[in-house]
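A.B. asks: Predicted model, plus sequence, below.
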Amino acid sequence: MTFAPVLSFTAASNIQIQRAAKQSLWGALSSLSSTVNTELSKYSKDTLSELPNFDSKEEYEEYLMQASGLPKGFATGSAVGSFVSEEAPSMGSLKIKGTIIHLTDGPTDNWAAVFTQNKFPGSPIVVGRSRLASGKPIQTIVINNKVSNVCAAGDGVANAEQVCAAVAKALDLQGGSESVLPSSTGVIGWRLPAKELAEDVVPKAIEDLQLESAFGAARDIMTTDRYPKLRSKTLSNGARIVGIAKGAGMIEPNMATMLSYIMTDATVPKAQLQSMLSDAVNSSFNSISVDGDESTSDTTVIVSSNKFEMEGDEIISEFQSALNDVCRGLAADLVRNGEGTGHIMRVTIDNFPGTDHEARRLGRHVVNSPLFKCAVSGNDPNTGRLAGAVGSFMGKFKNDEDVSKMTMTLGGRMIFSEGKFVLEGDSVEKEISDHMKDAQIDEFAEFPHHQRCVEIGIDFVCGGASAVVFGSDLTNEYISISPGAAITGNWGCKYVLKKISPEELDLDRDDHIDEHELREGLKDKCIQHEVKTLLLAADKEDSGNIDYEEWKDLVNAFFAH
């Protein structure tokens with residue numbers, strides 16, 4: 001598979017953009033729109049609500065590429081820079097990516113956002129809330145990975161504004177820095193390298209601006225994600241919605257998600273757009289959980305370039321449905337890509353005696369139950385743990401409600417009805433266990449092989465509320481990955497080696513690792529500073545071999561940062 005047509009067109013359009021930069025970069029981008037429309041036809045398919053099965057990373061990325069055509073009036077660009085963390089200078093020079101989403105025809109009043117409710121929000125959240133409350137238009141979003149700019153020493157808000165000012169100056173934005181929305185993800189507690197972003201990364205990302213595909217942006221906002229996430233829908237009037245998202249851990253949103261950016265060329269008034277986004281978030285990003293921890297940086301933004309008029313209730317209803325579909329797809333993708341995830345649980349709750357919000361809380365309570373998560377991880381149809389989780393929630397929060405008619409299913413098989421288990425011998429247990437095995441996924445995979453879930457149904461019969469909640473199991477891999485984002489122990493070392501060079505390194509050896517071989521494996525597969533830091537910590541240069549136990553200690557020390 002090759003993306004040469006995209007890359008060659010990007011290069012050509014970049015040359016034209018740079019030539020016109022002194023006149024007005026966003027104006028130059030706008031003048032290219034007619035040329036781009038021809039190219040977009042190759043990338044303007046829609047993703048299915050449930051993605052197909054994939055046999056390779058290349059097949060998955062090709063599918064996303066074909067559905068990645070940007071809505072009219074948008075451009076995206078990314079660049080890589082480097083910095084040295086003030087909090088962890090021993091780690092040496094680290095890479096940092098910046099991504100820009102830009103409206104080529106000027107600012108828009110029609111944008112909406114939903115942010116985390118965590119009491120320790122990142123500085124970009126503080127700035128974003130201020131931008132949203134002001135009611136002023138925005139024209140550009142600037143996103144960086146590696147550093148989340150949360151509760152760091154210094155002035156995080158000033159640092160975020162410094163990056164916004166650099167974007168506004170480079171693009172000659174009419175609204176100045178206040179028309180730029182900042183967004184950050186990465187390590188909590190580190191100061192944002194604002195100077196490096198403003199002086200190096202931002203100018204290069206602007207040079208990279210292109211009008212045809214959102215795939216690069218979806219890929220470049222990733223942190224611990226194993227693969228990019230992108231969803232798209234085209235309305236009957238030609239308007240388009242394209243969403244991208246990142247996130248793999250700290251996933252249990254509360255009025256937002258990790259980082260998600262939705263672009264549309266449909267003209268929807270700001271107040272209506274805000275209401276629509278909130279509704280979509282409630283049924284998607286607020287209905288998932290990987291580990292029950294709400295991030296300090298959660299952000300969902302939708303921006304309109306106002307290219308298609310939306311007149312009449314029918315087209316507005318179609319827009320809401322498409323927005324819901326995009327958000328639900330991205331939310332499910334986030335869970336499937338969760339750190340250490342081996343199974344996806346889909347909990348469908350019907351006829352709940354309460355509100356939809358309460359039904360969602362029950363669903364999250366089930367998928368966050370450590371006992372049930374572990375049972376799913378082991379393909380163990382432990383129906384008692386499921387019933388216990390449901391009963392625990394109802395006893396704590398809905399104690400007066402009648403549950404005597406409630407039924408539960410697992411893998412489509414009735415397991416509980418009217419207060420009693422419905423279990424019919426070993427064959428039923430095997431059937432449910434096989435259902436779990438069939439839904440299992442590879443926690444190391446760089447693409448989603450399938451979309452199957454462990455299906456859980458809970459029907460209360462007597463109410464009117466409903467919800468669908470996605471969650472993940474709890475695996476040894478999650479526990480190994482999670483200590484301070486560390487990769488520890490013997491398993492962790494083999495994980496690191498596998499990611500570095502699975503073809504060139506023998507993962508089963510337990511004596512020595514060739515240091516030169518390790519360096520070669522790192523060249524194209526990993527960040528150079530990792531091996532540099534490890535070798536410096538061991539006071540080693542190219543000295544031959546590293547003892548395996550020593551290698552484990554070095555890995556632990558490095559990732560403890």
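C.D. replies: That came through, no problem. Numbers count the residues shown, from 1 in each chain.
A.B. asks: ranges for the helices of the stretch 101-250 of the chain?
C.D. replies: Using DSSP state H, counting those that start in this stretch, the helices assigned to the stretch 101-250 of the chain run over residues 123-134, 156-171, 194-196, 202-207, 215-220.
A.B. asks: Which elements pack onto the shortest one?
C.D. replies: So that's helix 194-196. strand 74-84, helix 156-171 (3 or more CB pairs under 8 Å, 6 or more residues apart in numbering; DSSP states H and E). From N, CA and C alone the C-beta is placed, and that goes for glycine too.
A.B. asks: so can I have a markdown table of those showing mean neighbour count and distance to residue 327?
C.D. replies: As requested, these are exported to a markdown table (neighbours: other CB atoms under 10 Å; distance: least, CB to CB, whole Å):
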| stretch | mean neighbour count | distance to residue 327 |
| --- | --- | --- |
| strand 74-84 | 21 | 18 |
| helix 156-171 | 21 | 25 |
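A.B. asks: Just tell me which of those ends up closest to residue 212.
C.D. replies: For the helices and strands packed on helix 194-196, proximity to residue 212 was assessed by CB to CB; strand 74-84 is nearest, at 9.0 Å.
A.B. asks: Leaving out chain neighbours, which residue sits closest to residue 287?
C.D. replies: Sequence neighbours aside, residue 469 is the residue nearest to residue 287 in space, at 4.7 Å (criterion: CB to CB, 6 or more residues apart in numbering).
A.B. asks: Quick check: buried residues in stretch 302-321?
C.D. replies: For stretch 302-321, the neighbour count (16 or more other CB atoms under 10 Å) marks 302-308, 310, 315, 318-320 as buried.
A.B. asks: go on, stretch 207-220?
C.D. replies: 208-220.
A.B. asks: Turn the helices of the stretch 101-250 of the chain into a markdown table, including mean pLDDT and distance to residue 103.
C.D. replies: A markdown table is the format used below for the helices of the stretch 101-250 of the chain (pLDDT from 0 to 100; distance: least, CB to CB, whole Å):
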| stretch | mean pLDDT | distance to residue 103 |
| --- | --- | --- |
| helix 123-134 | 94 | 14 |
| helix 156-171 | 97 | 10 |
| helix 194-196 | 97 | 23 |
| helix 202-207 | 97 | 14 |
| helix 215-220 | 96 | 14 |
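A.B. asks: So which of those is nearest residue 392?
C.D. replies: Per CB to CB, nearest to residue 392 of the helices of the stretch 101-250 of the chain: helix 123-134, 32.4 Å.
A.B. asks: what sits up against that closest one?
C.D. replies: Residues outside helix 123-134 that contact it (CB atoms under 8 Å, 6 or more residues apart in numbering) are 112-113, 115-116, 138, 149-150, 152, 156-157, 159-161, 164, 178, 181-184, 192, 296-299, 301.
A.B. asks: Quick check: residue 394 touching residue 403?
C.D. replies: Yes - at 5.8 Å, residue 394 and residue 403 qualify as touching, with contact defined as CB atoms under 8 Å.
A.B. asks: neighbouring contacts of stretch 353-365?
C.D. replies: In contact with stretch 353-365 (CB under 8 Å, 6+ apart) are residues 252, 282, 286-287, 289, 292, 347, 349, 352, 389-390, 392-394, 397-398, 401-402, 458, 460, 462-463, 465-469, 471.
A.B. asks: mind showing which ranges of the stretch 101-250 of the chain have poor pLDDT?
C.D. replies: 248-250 (pLDDT under 70).
A.B. asks: Going along the chain, name the strands of it.
C.D. replies: Using DSSP state E, counting those that start in this stretch, the strands of the stretch 101-250 of the chain run over residues 111-115, 140-144, 180-184, 229-234, 240-246.
A.B. asks: Okay, angle between the second one and strand 74-84 too, please.
C.D. replies: Note on geometry: by axes from the mean of the first three to the mean of the last three CA atoms, to 10 degrees, strand 140-144 and strand 74-84 are set 30 degrees apart in direction.
A.B. asks: now do the longest one
C.D. replies: Orientation check (the same axes, to 10 degrees): strand 240-246 against strand 74-84 gives 10 degrees.
A.B. asks: Direction included, what does strand 240-246 pair up with?
C.D. replies: Sheet partners assigned to strand 240-246 using DSSP bridges are listed as strand 229-234 (antiparallel), strand 259-266 (antiparallel).
A.B. asks: quick one, which of these is nearest to residue 169?
C.D. replies: Short answer: strand 259-266, nearest of these by CB to CB, at 22.3 Å.
A.B. asks: Moving C-terminal from the closest one, which element do we reach first?
C.D. replies: helix 270-282 (DSSP states H and E).
A.B. asks: Give the next helix or strand downstream of that following helix.
C.D. replies: strand 288-289.
A.B. asks: That following strand pairs with which strands?
C.D. replies: strand 465-472 (parallel).
A.B. asks: Tell me how far the residue most central in space within the chain lies from residue 445.
C.D. replies: The centroid of the chain falls nearest to residue 246 when counting by CA atoms, centre = their mean (1.8 Å). Going from residue 246 to residue 445 by CB to CB, to the nearest Å gives 17 Å.
A.B. asks: quick one, helices of the stretch 301-450 of the chain?
C.D. replies: 313-336, 356-367, 370-377, 383-397, 426-439.
A.B. asks: picking that back up, of the contacts of stretch 353-365, just the buried ones, PyMOL syntax please.
C.D. replies: Buried residues among the contacts of stretch 353-365 (16+ other CB under 10 Å), as a PyMOL selection:
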select buried, resi 252+282+286+287+289+292+347+349+352+389+390+393+394+398+458+460+463+465+466+467+468+469+471
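A.B. asks: quick revisit: with distance to residue 421 added, can I get the helices of the stretch 101-250 of the chain in a markdown table?
C.D. replies: Output for the helices of the stretch 101-250 of the chain, formatted as a markdown table (distance: least, CB to CB, whole Å):
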| stretch | distance to residue 421 |
| --- | --- |
| helix 123-134 | 46 |
| helix 156-171 | 53 |
| helix 194-196 | 59 |
| helix 202-207 | 57 |
| helix 215-220 | 44 |
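A.B. asks: Nearest to residue 59, out of these?
C.D. replies: Distance to residue 59, taken as CB to CB, is lowest for helix 215-220 among the helices of the stretch 101-250 of the chain, at 14.1 Å.
A.B. asks: So which elements touch the closest one?
C.D. replies: For helix 215-220, the packing partners by 3+ CB pairs under 8 Å, 6+ apart are helix 57-66, strand 74-84, strand 93-103, strand 229-234, strand 240-246.
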